[in-house]
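In: have a look at this prediction, sequence included:
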Amino acid sequence: MAPSPGRTGMRKRFTQAEVAWMEKAGLFEGQRFELIEGDLIDKMGQNPPHAYAIRCLAGWLAQIFGLGRLMVQAPVQVARPDRELSLPEPDISVVAEASREYSVRHPRGDELLLAVEVADSSLRLDSTVKRNLYARAGVPEYWILDLSKQRMIVHRRPVSGEYLDVFAVESQDTISPANHELAAVPLATVLA
């Protein structure tokens with residue numbers, strides 16, 4: 001346990017095993033959250049621009065990769081050192097191969113082609129903690145759709161837990177997954 005900023009006392013960090021036990025006991029019925037570095041992060045309801053962007057991105061990525069390789073708000077296993085305390089759920093992810101193995105376990109980060117977070121109120125978390133979790137997990141490409149600035153922040157080439165290539169795509173520009181330049185679309189088509 002670590003001291004919580006601005007509070008006296010200690011903060012309880014949860015493990016995946018503890019959260020699974022609490023879920024099985026029905027303690028979180030009707031609630032959505034994700035486990036990030038031992039904290040339960042509330043997956044609050046989506047405002048219309050957030051939901052719209054997820055639908056548009058998911059539809060476009062399904063056309064490129066096929067529906068069977070697309071995951072929407074589904075857990076991803078991170079690197080072993082982070083795994084006990086984190087089970088992130090990207091808004092959208094694309095697995096390299098559709099596998100029946102995912103019926104008994106979540107895909108690992110290095111089994112993805114792409115993870116996408118749509119950020120309105122979560123930009124700080126998505127661009128620091130989650131970015132680092134995905135880089136350490138070997139997710140080859142990570143996008144953050146920054147709704148407030150109407151841009152996509154693209155992260156590519158994870159090496160030693162950091163993305164070496166990071167750049168922004170503005171709303172008037174086109175976006176495409178790495179190695180799929182022919183599938184480019186104007187970023188404005190996924191923004192509300």
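Out: Thanks, I have it. Numbers count the residues shown, from 1 in each chain.
In: pretty sure Arg131 contacts His155?
Out: Yes. Between Arg131 and His155 there is a contact under Cβ atoms under 8 Å: 6.3 Å. No exception for glycine: its C-beta is placed from N, CA and C like everyone else's.
In: give me the common contacts of those two.
Out: Residues touching both Arg131 and His155 (Cβ atoms under 8 Å, 6 or more residues apart in numbering) are 142, 144, 163.
In: most surrounded residue in these?
Out: With neighbours taken as other Cβ atoms under 10 Å, the top of the shared contacts of Arg131 and His155 is Tyr142, carrying 28 neighbours.
In: give me the nearest residue to that one, chain neighbours excluded.
Out: Nearest residue to Tyr142, sequence neighbours excluded (Cβ to Cβ, 6 or more residues apart in numbering): His155, at 4.2 Å.
In: who's in contact with stretch 184-192?
Out: With Cβ under 8 Å, 6+ apart as the criterion, stretch 184-192 contacts 48-49, 52-53, 56-57, 60, 145, 147, 150-152, 169-176.
In: hang on, the earlier thing: which one among the shared contacts of Arg131 and His155 gets closest to Ser121?
Out: Closest to Ser121 out of the shared contacts of Arg131 and His155 is Ile144 (12.9 Å), distances taken as Cβ to Cβ.
In: state the helix or strand in which the closest one lies.
Out: Following DSSP states H and E, one finds Ile144 within strand 141-146.
In: counting by contacts, list what that strand packs against.
Out: In terms of contacts (3 or more Cβ pairs under 8 Å, 6 or more residues apart in numbering; DSSP states H and E), strand 141-146 is packed against strand 112-119, helix 131-137, strand 151-159.
In: 7 Å - rerun?
Out: Packed against strand 141-146, as judged by 3 or more Cβ pairs under 7 Å, 6 or more residues apart in numbering; DSSP states H and E, are the following elements: strand 112-119, strand 151-159.
In: and the ones you listed: which comes nearest Gly30?
Out: strand 112-119 (22.6 Å).
In: other residues contacting the next helix-or-strand element following the closest one?
Out: Proceeding N to C from strand 112-119, the next assigned helix or strand is helix 123-125, under DSSP H and E. For helix 123-125, contacts defined as Cβ atoms under 7 Å, 6 or more residues apart in numbering pick out Asp146.
In: mind checking the pLDDT average for helix 123-125?
Out: Average pLDDT, helix 123-125: 94.
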